[in-house]
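**Q** everything below, folded, please.
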Amino acid sequence: SNDDEKTFNLKPYCVKLLKQRWYGVSRNDYGKGDDNIRIYSLDRIISLNLTNKKFTYPKDFDPKVYFRGSFGVILGYDCKIENVRLKVDASQANYLRSLPLHPSQEEVERHDDYSIFTLRLRPTFDFKQELLRCVDALEVLEPQWLRDDMTEKVRRMWARYNK
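**A** Next comes the predicted model:
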């Protein structure tokens, strides 16, 4: 099961804070190449022990580049970076102005009752979950595949509540 305890050596690269949870990016002692770089939720680690083993921090590792285009900690390299366009109700727009969804976020239109925001990122599972969090206050305008995906999620939600 996924709840089994595992013990292994890590070479820590960086940490990332997301929604009040800290994540550690480390290279572990199994796997090859970039396949052995993993992201661990630090609150799931039972214990850490320092060893005498040394490692050289890779000169070519840049946390900003590693997470470029990612909404959170799901890298989603199989999902291309693209432009996302959102129409957001005025009350939710105020929230997004004070706490942007992503560093690439820009408000490109502002009206009395709504605003249009653009973002450039990978629309991965965690990003879609964030959009669903405020589904009654926003609409995905682009890309079409993401709009269709959100439409299907809302349809399934409606069917669940409309029994």
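**Q** just to check, residue 116 is in contact with residue 109?
**A** Yes - distance between residue 116 and residue 109: 3.9 Å, which falls inside the contact criterion (Cβ atoms under 8 Å). For every residue, glycine as well, the C-beta is placed using N, CA and C.
**Q** neighbour count winner among these two?
**A** Neighbours were tallied for residue 116 and for residue 109 using other Cβ atoms under 10 Å; the higher tally belongs to residue 116 (17 against 11).
**Q** let's verify that one: helix, strand, or coil?
**A** Applying DSSP: H, G, I helix; E, B strand; the rest coil to residue 116 yields a three-state assignment of strand.
**Q** and it, what is it in contact with?
**A** Taking Cβ atoms under 8 Å, 6 or more residues apart in numbering, we find residue 116 in contact with 85-88, 107-109, 141.
**Q** who is it paired with across the strands?
**A** Partner residues in beta bridges with residue 116: residue 87, residue 109, with DSSP bridges as the criterion.
**Q** contacting residues around the residue nearest the centre of the chain?
**A** Among the residues of the chain, the one closest to the centroid is residue 72, at 2.1 Å (Cα atoms, centre = their mean). Under the criterion of Cβ under 8 Å, 6+ apart, the contact list for residue 72 reads 18-19, 124, 126-127, 130.
**Q** neighbours around the residue nearest to residue 134 when sequence neighbours are not counted, how many?
**A** Take residue 134 and drop its neighbours on the chain: the residue closest to it by Cβ to Cβ, 6 or more residues apart in numbering is residue 92, 5.4 Å away. By the criterion of other Cβ under 10 Å, residue 92 has 17 neighbours.
**Q** which element is residue 92 on?
**A** Secondary structure assigned from DSSP states H and E places residue 92 in helix 90-98.
**Q** nearest residue to residue 157 other than its sequence neighbours?
**A** The shortest distance from residue 157 to any residue that is not its chain neighbour, by Cβ to Cβ, 6+ apart, is 7.9 Å, and that residue is residue 135.
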